[in-house]
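>>> Here is a sequence with its predicted model. Questions after.
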Amino acid sequence: MKSLLEIDNAVKTINNDNQELNILDGINLSINPQDFIVVLGTNGAGKSTLLDAITGANTLSSGKILLNGDDITSTNLAKRSRYISRVYQDPKLGTSPRMTVAENLLLAKRRGLPRRLRLRRLNDHMKEFASFTKDLPTLDNRLNTFTDKLSGGQRQTLSFLMAIIQKPELLLLDEHTAALDPQTSQELMELTNKVIIEKKLTCLMVTHNLTEAVKYGNRLIVLKKGKIVLDLDNEAKSKLKEQDLLEYF
Ligand SMILES: Nc1ncnc2c1ncn2[C@@H]1O[C@H](COP(=O)(O)OP(=O)(O)OP(=O)(O)O)[C@@H](O)[C@H]1O
């Protein structure tokens, strides 16, 4: 199968107390279309650095990143954001606080267009946006609510909808449920899983939650000190128990 994203010997070197340190240390990863990959690792293992390298928020010291066979290693963050979207852990990132839920959705739907064009003709989209939120108790009837009046869980659900509204080539979830209470976190994780399967998305999800890591996705990788130390396919993952993962922490 042709890979969607290919990471080829990715190295990121930083200078730490006058010593060179590879925080990504030769990462090779081939992501197939419709893979839903769970990424685990201790604090400081390099997970966010890896996602930053994929989005272009950070440049690699060496190595290559190919998307659908095209070398995007030097493509900037703004260009990559047209086909790679990311949801962060912090509910405040990813949404504009002084805009309503509907305005935020429209901005996301028209990502890539100049900002002055993106918010035109909002009313034409209200029905469509209402259909997105009608099955989400947290956001139903809140299309005209300003985002800074939403709870963390509502805001994270909005960030997720914004990330998938244009069907990204690659969806990156960076501990997107970690800041939420257990119930809200579980609801957002169920929504995430449903949407990824229904829309046939390709996704890389960082989590520290071992229950989520075992339950969701078709592949699991563990990062340690900038290297991939475990890469399980769907069959191996389906036999996995939380207990088996503890030795990596
Ligand atoms: N710009 C930078 N300058 C110096 N050190 C950095 C920089 N960015 C990351 N690091 C270091 O690189 C290592 C990997 O960081 P990274 O944030 O990728 O880890 P992580 O796996 O996402 O951790 P966490 O689970 O805590 O979010 C850490 O030791 C971090 O301190």
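Received, thanks. If you're wondering where the values come from, they're calculated on a predicted model, not measured in any experiment.
>>> Run through the neighbouring helices and strands of the one helix or strand in the chain whose mean pLDDT sits lowest.
Each helix and strand of the chain was given a mean pLDDT (mean pLDDT, DSSP states H and E); the minimum falls on helix 115-118 at a mean of 73. Here helix 115-118 touches helix 101-109, going by 3 or more C-beta pairs under 8 Å, 6 or more residues apart in numbering; DSSP states H and E. Bear in mind the C-beta positions are built from the backbone N, C-alpha and C, glycine included.
>>> Can you spell out which helices and strands pack onto the helix it packs on?
helix 115-118, helix 126-133, helix 152-164.
>>> and the angle from the longest helix along the chain to helix 152-164?
Longest helix in the chain by number of residues (criterion: DSSP state H): helix 182-198. Here the directions of helix 182-198 and helix 152-164 differ by 10 degrees (axes from the mean of the first three to the mean of the last three C-alpha atoms, to 10 degrees).
>>> Tell me which residues are up against helix 182-198.
36, 136, 138, 152-153, 156-157, 160, 164, 171, 173, 176-178, 180, 201, 203, 205, 212, 216 (C-beta atoms under 8 Å, 6 or more residues apart in numbering).
>>> ok, 7 Å please
Phe36, Gly153, Gln156, Thr157, Phe160, Ile164, Leu173, Thr177, Leu180, Cys203, Glu212, Tyr216 (C-beta atoms under 7 Å, 6 or more residues apart in numbering).
>>> Would you mind listing what in the protein touches the ligand?
Counting by C-beta under 6 Å from any ligand atom, the positions of the chain adjacent to the ligand are Ile14, Ile23, Gly41, Asn43, Gly44, Ala45, Gly46, Lys47, Ser48, Thr49.
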